[in-house]
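Student: Predicted model, plus sequence, below.
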Amino acid sequence: MDRIEILRKYIDEILLNITDVEERRCAYLHLYGVAQFCTLIALKRRENAELATMAGMLHDIYSYVKMDPKDHASKGAILAREILTSLQITNVDETKMICDAIYTHSEKEVVHSDFNEVLIDADVFQHCLYNPTFEIKAHEKNRYEKLKLEFGIA
Ligand SMILES: [Fe+2]
């Protein structure tokens, strides 16, 4: 099986066990929404789209497993490493790339490596495009404006 599909199966099992229906809906929307934006942005910037998609699928999994968003980026990087190690779908370098991106994804005001930037921007895109009539949060405004320019929708 394709490794993105192996990971999707694993993530789906976690999400299906979320008892709160609204929380479950948000988790599906956000994780797979960010994963798709990761694909789009990575393809546009010629980054590794397969690994970026996997990073998107995993990036907030800690919050949904523990129902606790505190330090979810650093703790999520550790959990993502455990998941990828158990599934055996990535090599050492690929695991590091994905987990590093998850580790830095909450730092919206800092510019990181090109690959890590894909996940941060995908997170912003998903938040901002969930409902285009909602007000953009202050800490995401700058990145959202840059993304709209990059994608020719400013
Ligand atoms: Fe997120």
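Tutor: Nice, thanks for sending it over. Numbering: from 1, shown residues only.
Student: The helix-or-strand element of the chain with minimal mean pLDDT packs against which elements?
Tutor: None of the helices or strands of the chain scores lower by mean pLDDT, DSSP states H and E than helix 61-66, at a mean of 91. On a contact count with 3 or more Cβ pairs under 8 Å, 6 or more residues apart in numbering; DSSP states H and E, helix 61-66 meets helix 3-16, helix 21-45, helix 72-87. In this view, the C-beta of every residue, glycine as well, is placed from N, C-alpha and C.
Student: hmm, 7 Å instead?
Tutor: helix 3-16, helix 72-87 (3 or more Cβ pairs under 7 Å, 6 or more residues apart in numbering; DSSP states H and E).
Student: Pull the distance from that helix to the chain's centre.
Tutor: Centroid separation for helix 61-66 versus its chain: 13 Å, with Cα atoms, centre = their mean, to the nearest Å.
Student: Give me the number of neighbouring residues for residue 6.
Tutor: Neighbour count of residue 6, defined by other Cβ atoms under 10 Å: 14.
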